[in-house]
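Chemist: pasting a predicted model and its sequence here:
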Amino acid sequence: MKNLTMFSRRGFVAAAAAIAVSAAAFGPVKSHAADMDSIHFIIPGGAGGGWDGTARGTGEALTKSGMVGSASYENMSGGGGGQAIAYMIEASDRLDTTLMVNSTPIIVRSLTGVFPQSFRDLTPIAGVVAEYAAFGVPADSPYQSFTDVVDAMKADSNAVKVGGGSVRGGMDHIVAAFAFQKAGGDAKQLKYVPYDAGGKAIAGLLSGEIDMLSTGLGELLELHKAGQVRILAVTSKERVEAASDVPSLGELGIDAEFINWRGYFGGPSLSAEKADAYAEMLKKLQETEEWEVVRKRNGWEKLYVPRAEFTAFMEEQETMVGGLMRELGFLK
């Protein structure tokens, strides 16, 4: 079984190098009038998580660049993201101006049966961003490095409570278990505490409910810079520019690279013409200075997976994710 890098990078990071569009290459894009009056974002989890930040960051860049007149947001928690997916399907006929943000968990949670639907029940639009995961502890934590945490968990499986903004067997759990196993531990022994999205998970970390948080790098960056949280490691081979003071798992000798994609979906009855228009809008967004500001602020990696390739990309991810989850004991 190949490691997590295979489904995290091979499927889109190499492709992104060929198709992602940077502001340096194309220059700023400005619109004299809004290309679209308004857009509404459905966010399948609570405030403060990676989905929330991605949707609000996308809306910010779209409105500030003049591509959209206004953007609105709706957090729709429940069922590990299933409630939002069900809503997109059931209310599809009246959601022509609505997009739902999602990411690797739409594959993970479908495989585990958290909800019965999959990306095939929606209209995939495009992948727009990629983000490494990170492990953080409170500023006053006795753990000074990720290897300290691993050693403590090896000595006593109950010594460290690891939290995440997803259900048991969800992405944050899988990433932490994968890193722990690659560091010589037993993935099944990881003590995991689930929260509804990153905001509540961060509150749990700061209040002492958990000892370490597994989440997206962007969710911890500002807290790390403010000195409230110490990021112990990023799930990359080498240090990333956005967190240059934080060790990568690769430099710690742990071969557990992981990078999460995020993208957008419409309801199943969304016309191909409208879906293509949304995909083109999100592609143009990659060229703007406003998107670069949002992307760098969150420590996101450049990515654009076009609509024509998005479904095939997720099908490849599904095969690779399923194999890894079986290896870690999350699927039979």
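Modeler: Perfect, I can see it now. Numbering: from 1, shown residues only.
Chemist: does anything pack onto the longest helix along the chain? Which helices or strands?
Modeler: Identified as the longest helix of the chain according to DSSP state H is helix 307-328. Other elements packing on helix 307-328 under the criterion 3 or more C-beta pairs under 8 Å, 6 or more residues apart in numbering; DSSP states H and E are helix 105-112, strand 123-138, helix 171-182, helix 272-285. Bear in mind the C-beta positions are built from the backbone N, C-alpha and C, glycine included.
Chemist: reformat those as a markdown table; add mean pLDDT, mean neighbour count and distance to residue 263.
Modeler: Output for those, formatted as a markdown table (pLDDT from 0 to 100; neighbours: other C-beta atoms under 10 Å; distance: least, C-beta to C-beta, whole Å):
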| stretch | mean pLDDT | mean neighbour count | distance to residue 263 |
| --- | --- | --- | --- |
| helix 105-112 | 88 | 24 | 9 |
| strand 123-138 | 94 | 26 | 4 |
| helix 171-182 | 90 | 25 | 14 |
| helix 272-285 | 96 | 17 | 8 |
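Chemist: got JSON lines for the ones you listed, with distance to residue 189 too?
Modeler: What follows is these, written out as JSON lines (distance: least, C-beta to C-beta, whole Å):
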{"stretch": "helix 105-112", "distance to residue 189": "19"}
{"stretch": "strand 123-138", "distance to residue 189": "17"}
{"stretch": "helix 171-182", "distance to residue 189": "8"}
{"stretch": "helix 272-285", "distance to residue 189": "41"}
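Chemist: wait, residue 150 sits on residue 183?
Modeler: Yes. Using C-beta atoms under 8 Å, residue 150 is in contact with residue 183, at 4.5 Å.
Chemist: one step back: how about the helices and strands packed on helix 307-328, which one is nearest residue 54?
Modeler: Among the helices and strands packed on helix 307-328, strand 123-138 comes nearest to residue 54, with 6.2 Å by C-beta to C-beta.
Chemist: next, the angle from that closest one to helix 105-112.
Modeler: Counting by axes from the mean of the first three to the mean of the last three C-alpha atoms, to 10 degrees, strand 123-138 lies at 90 degrees to helix 105-112.
Chemist: so how far is strand 123-138 from its chain's centroid?
Modeler: 2 Å (C-alpha atoms, centre = their mean, to the nearest Å).
Chemist: equivalent analysis for stretch 265-282, please.
Modeler: 21 Å.
Chemist: again, but for stretch 76-93
Modeler: 18 Å.
Chemist: now swap in stretch 212-229 and tell me
Modeler: 14 Å.
Chemist: cool, and stretch 64-76?
Modeler: 20 Å.
Chemist: what average pLDDT does it get?
Modeler: When pLDDT is averaged over stretch 64-76, the result is 96.
Chemist: ok, residues contacting it?
Modeler: 29-47, 52, 55-56, 58-60, 62-63, 83-84, 87, 281, 284-285, 288-291 (C-beta atoms under 8 Å, 6 or more residues apart in numbering).
Chemist: please identify the buried residues of that stretch?
Modeler: 65, 66, 67, 68, 71, 73, 75, 76 (16 or more other C-beta atoms under 10 Å).
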